[in-house]
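K.L.:
need a structure here:
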Amino acid sequence: MTSDAQVNELGEFLKERRAGLSPRTVGLPETGGPRRVPGLRREEVALLAAISTDHYTRLEQGRIQPSAPVLAALVRVLHLNNDQRDHLFELAGRQAARPSRQAAQKAQPQLRRLLDDLTATPSVVIGRRMDVLAWNPLAAALLTDFAKVPETERNYVRILFSDPAMRTLYADWRTVAREWVSHLRMLATTYPDDPRLTGLVGELSVQDTDFGRWWGSRHVASRSMGREKFHHPVAGELVLDRDALACGTDPDQEIVVWTAEPDTPSHEGLRVLTSWTSLSR
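P.N.:
Next up is the predicted model:
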C-alpha cells in the first residue's frame, strides 16, 4: 500500500473500532439521548485520548499521521488487543513498542507472616489491581472462601460485583462497592497502560450497570479506612472498621484489616467467628 492508502486505511480502522464500543464500556455515562451512529462519538474518543476533536477528526479522515504517543492513547481508549495494536502502528508506519509483561504479583513474605499472626483479625493482602494475593482463615470466614475463586478471577472488585452473597453480606453494599470502584479509578490513573486493569474495567462495565455508572462518574478515592456493616450468617450483625496498611517493601501491596471496638457486640461477634473458624478447619 502507498502511504496515502495506509493513512486512509488507518482512518477506517479507527472508525470501525469506535463503532464497536459503547460509552459504558469505556467508563463514560450514558446520556440516554439518541445516537445517529453506533458506538462512540468522535469527541468522546478525543476526550479519552486527551487530544482535540479536530485532531482526531483529521486522523479518521486520513489527513494526518498520528504520533506514537497519540497511537498509544488510542490503543488504550479503543481497548485494542495486541494484534490490533500492532496493526494500528503498522498502518501509521510506526513500530509498536511491546508492553513489558509483568510477572504475577505474589504477597510479600512479611505480609504472609503478619496474616498468620492476626488470628483474631480478618485480613487480606491486596495487590496493584485490587487482586486478593493472600488472606487468613478469618477473612475467608467473614467475606468469602477465596480459595474457591479461580486465581485469575480473585479480584476484590470483581467478587463484589459477581458474587450475589456479597450483596447480602454488606448491609450497605452499594456504598461499599462504589468506594472500591472509586479506588479502582485511582489505580487506573496510576497504571493507564495495564492491560489486565483495562480488561477488568471493560468486563465489569458491560456486565453491571451500577459499575458502569459509577465508573463514568470519575470519582476517585483512597481505600485507607472506613466503617462497614455486615449481616453475617454465623456472627450476626457486625460493625467493623476497615484499615489499609501499606507494605514498606512494595508500594503496590497493602494489607487490609477489619477490626471491632473492644467491649462491643461486634467484638464479641468476631470472637464467635474466630471460634467457629477454628472448629471448621
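K.L.:
all helices for the stretch 101-250 of the chain, in order.
P.N.:
For the stretch 101-250 of the chain, applying DSSP state H, counting those that start in this stretch gives helices covering 109-117, 137-142, 156-162, 164-169, 173-190, 195-207, 209-216.
K.L.:
Can I get these in a markdown table including mean pLDDT and distance to residue 130?
P.N.:
Just so you know, the C-beta spots here come from the backbone N, C-alpha and C atoms, and that holds for glycine as well. Output for the helices of the stretch 101-250 of the chain, formatted as a markdown table (pLDDT from 0 to 100; distance: least, C-beta to C-beta, whole Å):
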| stretch | mean pLDDT | distance to residue 130 |
| --- | --- | --- |
| helix 109-117 | 93 | 15 |
| helix 137-142 | 97 | 15 |
| helix 156-162 | 96 | 5 |
| helix 164-169 | 97 | 14 |
| helix 173-190 | 88 | 6 |
| helix 195-207 | 84 | 9 |
| helix 209-216 | 86 | 13 |
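K.L.:
Mind putting these into a markdown table with distance to residue 92?
P.N.:
Listed next are these as a markdown table, based on distance: least, C-beta to C-beta, whole Å:
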| stretch | distance to residue 92 |
| --- | --- |
| helix 109-117 | 44 |
| helix 137-142 | 48 |
| helix 156-162 | 34 |
| helix 164-169 | 44 |
| helix 173-190 | 25 |
| helix 195-207 | 20 |
| helix 209-216 | 29 |
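K.L.:
quick one: which of those is nearest residue 11?
P.N.:
Residue 11 sits nearest to helix 195-207 of all the helices of the stretch 101-250 of the chain, at 23.5 Å, using C-beta to C-beta.
K.L.:
on that earlier part again, quick one, which of the helices of the stretch 101-250 of the chain gets closest to residue 26.
P.N.:
Closest among these, once you apply C-beta to C-beta, is helix 195-207, at 7.5 Å.
K.L.:
Output the closest one as PDB, nothing but the C-alphas.
P.N.:
Output of helix 195-207 as PDB, limited to C-alpha atoms (Å, rounded to 0.1, in the frame of the first residue of the first chain):
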ATOM      1  CA  PRO A 195      -4.000  -4.400  30.000                       C
ATOM      2  CA  ARG A 196      -5.400  -6.500  32.800                       C
ATOM      3  CA  LEU A 197      -6.700  -3.500  34.600                       C
ATOM      4  CA  THR A 198      -8.200  -2.100  31.400                       C
ATOM      5  CA  GLY A 199      -9.800  -5.500  30.700                       C
ATOM      6  CA  LEU A 200     -11.300  -5.700  34.200                       C
ATOM      7  CA  VAL A 201     -12.900  -2.300  33.800                       C
ATOM      8  CA  GLY A 202     -14.300  -3.200  30.400                       C
ATOM      9  CA  GLU A 203     -15.700  -6.500  31.600                       C
ATOM     10  CA  LEU A 204     -17.400  -5.100  34.700                       C
ATOM     11  CA  SER A 205     -18.700  -2.100  32.700                       C
ATOM     12  CA  VAL A 206     -20.500  -4.400  30.300                       C
ATOM     13  CA  GLN A 207     -21.800  -6.800  33.000                       C
END
